[in-house]
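J.: missing the sequence, but the structure's below:
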Ligand code: FES
């Protein structure tokens, strides 16, 4: 291993140590290995830009009041990726009514907590979900 590789490895290790101090193991897992990322066939969609300037996009496939499939895209931070991943996993197979009532506190609990500066990332994810459902219901009318 040359000097540069050694330095790069040490840096990587230091960064990971910082990340582990800041985020729960669940957040790190969902962030580094997210589920349901990308576009799917959908009949409900929303895109919202949060207070931080990052964007979350959500795609839902709703059939007979049940969320059959869900996915997301984001240009946001690692915590937002974790939120999108966990949120889409939670709502897949649930009723639209259940999904509507899912708030950011519940999502944060499922993620094993989030640092104060990332609370808005969970809010962005749940707001995008609610907006996608709203858009779906408006189209149904
Ligand atoms: Fe912008 Fe997390 S969504 S910092």
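T.: Structure received. Everything numeric here is computed off the predicted structure, so don't read it as measured data.

J.: quick one: secondary structure of residue 61?
T.: When classified by DSSP: H, G, I helix; E, B strand; the rest coil, residue 61 comes out as strand.

J.: How about it, nearest residue that isn't a chain neighbour?
T.: residue 69 (4.0 Å; C-beta to C-beta, 6 or more residues apart in numbering). The way it works is simple: take the backbone N, C-alpha and C, and place the C-beta from them, glycine included.

J.: quick one: buried residues of the helix or strand hosting residue 120?
T.: If you go by DSSP states H and E, residue 120 is part of helix 119-140. By neighbour count on 16 or more other C-beta atoms under 10 Å, the buried set for helix 119-140 is 120-133, 135-136.

J.: Same question for stretch 75-90.
T.: For stretch 75-90, by 16+ other C-beta under 10 Å, it's 76, 78-88, 90.

J.: before we move on, what about stretch 92-99?
T.: Buried residues in stretch 92-99 (16+ other C-beta under 10 Å): 92, 96, 99.

J.: so what's the last one up against?
T.: Think residue 99. Contacts for residue 99 (C-beta atoms under 8 Å, 6 or more residues apart in numbering) come out as 67, 91, 129, 133.

J.: and which of those residues is nearest to residue 110?
T.: Within the contacts of residue 99, distances to residue 110 taken as C-beta to C-beta reach their minimum at residue 91, with 11.4 Å.

J.: Could you tell me how far the closest one is located from residue 64?
T.: Distance, residue 91 to residue 64, using C-beta to C-beta, to the nearest Å: 15 Å.

J.: which one of the two has more residues nearby?
T.: residue 91 (24 against 7; other C-beta atoms under 10 Å).

J.: got a list of what the more buried one touches?
T.: So residue 91 contacts 60, 67, 70, 98-99, 102, 129 (C-beta under 8 Å, 6+ apart).

J.: Now it: closest residue in space, sequence neighbours ignored.
T.: In space, residue 91 is closest to residue 99, 4.5 Å off (C-beta to C-beta, 6+ apart).
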